[in-house]
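>>> Fold the following.
(chains A, B, C and D)
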2 protein chains.
Amino acid sequence: MPDSAGTRPATIRDVAAAAGVSIGTASKALNGQGRLRPETRRRVTEAADHLGFAPNVLAQGLLGGRTYTVGMITTDSFGRFSIPVMLGAEDALGAGQISVFMCDTRDDPDREQLYLDRLVSRRVDGLIVTGRRIEPRPALDVGRRFPVVYAMTQPLDGDDPAILPDDEGGAVTAVRHLLDLGRGHVGHITGPERFLAARKRAAGLSHVLTGAGVPFAADEVLYGEWSERWGRDAARILLAAAPATDAIFCGSDQIARGVADGLRALGCRVPDDVALVGFDNWAPMALGANPPLTTVDVRLEEIGRLAGQHLLAAIGGEPERGVHTVASQLVIRDSAPAPSGDQPDSAPAPSGDQPDPAPTS
Amino acid sequence: MPDSAGTRPATIRDVAAAAGVSIGTASKALNGQGRLRPETRRRVTEAADHLGFAPNVLAQGLLGGRTYTVGMITTDSFGRFSIPVMLGAEDALGAGQISVFMCDTRDDPDREQLYLDRLVSRRVDGLIVTGRRIEPRPALDVGRRFPVVYAMTQPLDGDDPAILPDDEGGAVTAVRHLLDLGRGHVGHITGPERFLAARKRAAGLSHVLTGAGVPFAADEVLYGEWSERWGRDAARILLAAAPATDAIFCGSDQIARGVADGLRALGCRVPDDVALVGFDNWAPMALGANPPLTTVDVRLEEIGRLAGQHLLAAIGGEPERGVHTVASQLVIRDSAPAPSGDQPDSAPAPSGDQPDPAPTS
DNA sequence: GATCCTAAGGAATAGGTTTTCCCGGCTACG
DNA sequence: CGTAGCCGGGAAAACCTATTCCTTAGGATC
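Numbering: from 1, shown residues only, chains lettered A, B, ... in the order given. This next block holds a predicted model:
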């Protein structure tokens, strides 16, 4: 499709002129509307191809009242959590020919407002708000100019739809797996207690253990920070306090790595002496660990996809309000293998189970 | 700014009516153009505020021929490399009130073409192409409809501007640092030789060593893969072949982590017995490592910022062609500390030196 | 041969904004 | 008193497309 070589992109007027028809006729020919002779249609489409014509979406948007764009606002600096969510959302939206404006607020309310104004000016059809914390956040006030969907976060007020991971359910699955392995002394090392996600995961653990008749006190949970160092330190603390520990459920893969290293330093073998389950299925961490981590995948992409679908529904005028959760999935690797007798499980690892991502190269 | 409560966003026509002036006058008042009585201006802006008026950018773009949008296309799934680049670019572009369409091709040429068509239809003012490999890639053919800038990748043909990291220079700095520490037997463990980045970094190393009179043969470079496992394995291989090794320069932080673990397993202390320098300054890896890694930061955000600036220049009609490189920066941590007597260096760590990023919470 | 119908395509409008041109009225100057 | 000039603001074109309504010509029917 040779473009017109001129610096101005071809318009439908150019196409019409080239085909010797009126603008309206050209439009009909290109969109399959109206009653036209087949030969006329052919002439128009040929002219369009020849000129490299692509309809101006701005003009279409102006006319139709829909821009086929949505905004995506994040406070996560498009980091580890926002990105997969974003890709999932784009997946759902892309099918509707919708393009996405990305906005990183960098946790600055002023910036957020600025982006919001910009999106209003651009007449987006909708907005997805993502975060790295499931903690409720102040709702974005868009004065019902367009629908809003929250992903990986939820609005403090209002009943706009929110898609959340199932932290508690993920923890349940993880701890059940450890029990299935015959481990009876399960420890829990996780992030700061002020994080809702940490508390929910601890709740899931507690639920399963007490349900299985294993005594477990809330103060046995080792809350700390989301770092490897805390994992290393906590491993020592835990084994000193409870030497019989034969399994540890960790609040993140980073913590689990630290725990693995800490255990090795103590002469503990993973998984033989202590089985280990992480959380997040963050590929470079989970796969790089020694041994590779069994871990809970919260299926971020699926969360994003769902958010996209909900937004599309809302744009179409059929909003579904309230909170929706996406089931987590246990990915089994070496740090807590499948119970003997079981098949080694599919372990689909949605976020990519390739070796390790390539670097700066 | 109370919005009109109606579902339709306020237009300048509404503002004009509310202020009792014509549309043209309202426009002039809002944009500070033309000759108007101050009182008229005030009346119009008040009406606009009251109605929550925000000009329709689509209409503006249609008229002005500029949309104040650019596309950002990546093959990196907006991963570790694209994101910082993106943020930097957004930084530069945001100052110009420009919004960014994100497009993730997922390494699929069909998808890429689809996105390209979409961007053409949307009449973007320009395009930034990013990748995770500095390897030249086929140039995007946009038929001089808008300028294109490459970041972290370069076009195979054409002379569109490209912003690249200084892999060789980064390696030079890293190895000089090791020599400054008094280490005389430097090994190099890196990724696959087919990666241009790996070869460039090796070249930098070789350059410094031979310049310093240290014999170094090209076949001493341990090419492997970009994984921790390779680092662990290669540490063993290297120490077996060259037991005198007292420093290792690694092609990535992941490899460096593996090497650190491998060395510890061999009873080698880092940095006392062997000093270690990584590459990338990928926070969770470099900071989570034990000890935290001294590493080369290629300053991805700066690369993005420069790409944004070049794109702005090109949009403004002043394109600067050819390849530009951004100087790397050595970030000093414990795995290869500052030479005794030196100040512990500023170690600015652009990509965030906070503990560890928070998880799914 | 007159009327009606249909096929094919043209004209015009709408969408929101900016900008250029123009007009009316008032002041000031000759 | 006449006219030049300025101040304030209105009218309209332009950007590009999709759609609705109309027009024209030709063929078919009675």
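>>> residues contacting the residue of the stretch 201-350 of chain A found nearest DNA strand C?
Residue nearest to DNA strand C within the stretch 201-350 of chain A: A:I315 (18.0 Å; C-beta to the nearest atom of the strand). All C-beta spots, glycine's among them, are computed from the backbone N, C-alpha and C. By C-beta atoms under 8 Å, 6 or more residues apart in numbering or on different chains, the residues touching A:I315 are A:66, A:125-126, A:146-147.
>>> so where's chain A shaky on pLDDT?
Residue ranges of chain A with pLDDT under 70: A:1-7, A:78, A:341-361.
>>> element containing A:I255?
A:I255 belongs to helix A:253-265 when assigned by DSSP states H and E.
>>> State the paired neighbours of the helix or strand following that helix in the sheet, together with their directions.
Heading C-terminal from helix A:253-265, the first helix or strand you meet, by DSSP H and E, is strand A:275-279. With DSSP bridges as the test, strand A:275-279 is paired with strand A:247-250 (parallel), strand A:294-297 (parallel).
>>> What sits closest to the most centrally placed residue in chain A if chain neighbours are left out?
Geometric centre of chain A, nearest residue: A:V85, 2.2 Å, by C-alpha atoms, centre = their mean. Using C-beta to C-beta, 6 or more residues apart in numbering or on different chains and skipping residues adjacent in sequence, the residue nearest A:V85 is A:G304, 3.8 Å away.
>>> need the next SSE after whichever helix or strand the one you found is part of, C-terminal direction.
Secondary structure from DSSP H and E places A:G304 in helix A:300-315. Per DSSP H and E, helix A:300-315 leads on to strand A:323-326 as the next helix or strand towards the C-terminus.
>>> Please name every helix or strand in contact with that next one.
Applying 3 or more C-beta pairs under 8 Å, 6 or more residues apart in numbering or on different chains; DSSP states H and E, we find strand A:323-326 packed against strand A:162-165, helix A:300-315.
>>> can you list the ones you listed in TSV and add distance to DNA strand D?
Shown next, in TSV, are the helices and strands packed on strand A:323-326 (distance: least, C-beta to the nearest atom of the strand, whole Å):
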stretch	distance to DNA strand D
strand A:162-165	32
helix A:300-315	17
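>>> Deepest-packed of the ones you listed, please.
Mean neighbour count, computed with mean count of other C-beta atoms under 10 Å in any protein chain shown, is highest for strand A:162-165 among those, reaching a mean of 25.
>>> how far off strand A:275-279 does the very next helix or strand once past that strand point, in degrees?
Later in the chain than strand A:162-165, the nearest helix or strand by DSSP H and E is helix A:167-180. Calculated by axes from the mean of the first three to the mean of the last three C-alpha atoms, to 10 degrees, helix A:167-180 forms an angle of 170 degrees with strand A:275-279.
>>> residues in contact with helix A:167-180?
Here helix A:167-180 has contacts from A:134, A:186, A:197, A:200-205, A:207-209, A:212, A:214, A:247, A:249, A:275, A:277, A:279, A:294, A:296, A:298, A:325, A:327-330, A:332, A:336, A:339, B:360, using C-beta under 8 Å, 6+ apart.
>>> What's the ChimeraX line that selects buried ones from the residues you listed?
With 16 or more other C-beta atoms under 10 Å in any protein chain shown as the criterion, this ChimeraX line picks the buried residues out of those:
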select /A:134,186,197,200,201,202,203,204,205,207,208,209,247,249,275,277,279,294,296,298,325,328,329,330,332,336 /B:360
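>>> Residue numbers of chain A in contact with DNA strand D?
Within chain A, the residues that sit near DNA strand D (C-beta under 7 Å from any atom of the strand) are A:8, A:11-13, A:23-24, A:27-28, A:30-31, A:33-34, A:53, A:55-56, A:59-60, A:62-64.
>>> go again using 10 Å as the cut-off
A:8-16, A:22-35, A:48, A:53-64 (C-beta under 10 Å from any atom of the strand).
>>> okay, now A:I83: neighbour count?
25 (other C-beta atoms under 10 Å in any protein chain shown).
>>> Bridge partners for A:I163, pull those for me.
A:A151, A:H324.
>>> That one reaches A:A151, doesn't it?
Yes: applying C-beta atoms under 8 Å, one finds A:I163 in contact with A:A151, separated by 4.8 Å.
>>> Overlap in contacts, these two.
Joint contacts of A:I163 and A:A151 (C-beta under 8 Å, 6+ apart) are A:303, A:306-307.
>>> Look through the stretch 151-300 of chain A and state the residue closest to DNA strand C.
Residue of the stretch 151-300 of chain A nearest DNA strand C, by C-beta to the nearest atom of the strand: A:D160 (25.1 Å).
>>> So for that residue, what's the nearest residue that isn't a sequence neighbour?
The shortest distance from A:D160 to any non-neighbouring residue, by C-beta to C-beta, 6+ apart, is to A:V148 (4.9 Å).
>>> so who does that neighbour touch?
By C-beta under 8 Å, 6+ apart, A:V148 lies in contact with A:126-129, A:139-140, A:142, A:155, A:160.
>>> and what of A:G34?
By C-beta under 8 Å, 6+ apart, the contact list for A:G34 reads A:25, A:28.
>>> Please, which helix or strand holds A:A16?
Assigned by DSSP H and E, A:A16 falls in helix A:12-19.
>>> pretty sure A:N56 contacts B:T67?
No: A:N56 is beyond contact range of B:T67, at 9.7 Å (criterion: C-beta under 8 Å).
>>> Give me the common contacts of the two.
Shared contacts of A:N56 and B:T67, defined by C-beta under 8 Å, 6+ apart, comprise B:R123.
>>> related to what we said a few turns ago, now the strands paired with strand A:275-279 as CSV including distance to A:V44?
Converted to CSV, the strands paired with strand A:275-279 look like this (distance: least, C-beta to C-beta, whole Å):
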stretch, distance to A:V44
strand A:247-250, 63
strand A:294-297, 50
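>>> Would you reformat the ones you listed as JSON lines and include distance to DNA strand C?
Output for the strands paired with strand A:275-279, formatted as JSON lines (distance: least, C-beta to the nearest atom of the strand, whole Å):
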{"stretch": "strand A:247-250", "distance to DNA strand C": "53"}
{"stretch": "strand A:294-297", "distance to DNA strand C": "45"}
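>>> B:I98 is nearest to which of those strands?
The closest of the strands paired with strand A:275-279 to B:I98 is strand A:294-297. By C-beta to C-beta, the value is 36.0 Å.
>>> what ranges do the helices span in chain A?
A:12-19, A:23-31, A:38-51, A:57-64, A:82-94, A:109-121, A:167-180, A:196-211, A:228-241, A:253-265, A:283-288, A:300-315 (DSSP state H).
>>> Highest mean neighbour count out of the ones you listed?
Counting by mean count of other C-beta under 10 Å, the most buried of the helices of chain A turns out to be helix A:253-265, with a mean of 26.
>>> Show me what that helix packs onto, helices and strands only.
Helix A:253-265 makes packing contacts with strand A:186-190, helix A:228-241, strand A:247-250, strand A:275-279, helix A:283-288, helix B:283-288 when contacts are defined by 3+ C-beta pairs under 8 Å, 6+ apart.
>>> For the stretch 151-300 of chain A, what lies in contact range of chain B?
Neighbours of chain B within the stretch 151-300 of chain A, by C-beta under 8 Å from any C-beta of the partner chain: A:152, A:165, A:167, A:191, A:195-198, A:225-229, A:232, A:251-254, A:257-258, A:261, A:279-280, A:284-285, A:287-288, A:290, A:298.
>>> redo that, cut-off 6 Å
A:195, A:197, A:226-228, A:252, A:254, A:280, A:288, A:298 (C-beta under 6 Å from any C-beta of the partner chain).
>>> And the closest residue to A:P9 other than its chain neighbours, how far from DNA strand D?
Ranked by C-beta to C-beta, 6+ apart and with sequence neighbours excluded, the top spatial neighbour of A:P9 is B:R145, at 5.8 Å. Going from B:R145 to DNA strand D by C-beta to the nearest atom of the strand, to the nearest Å gives 12 Å.
>>> Now for B:R145, how many residues are close by?
Counted with other C-beta under 10 Å, B:R145 comes out at 22.
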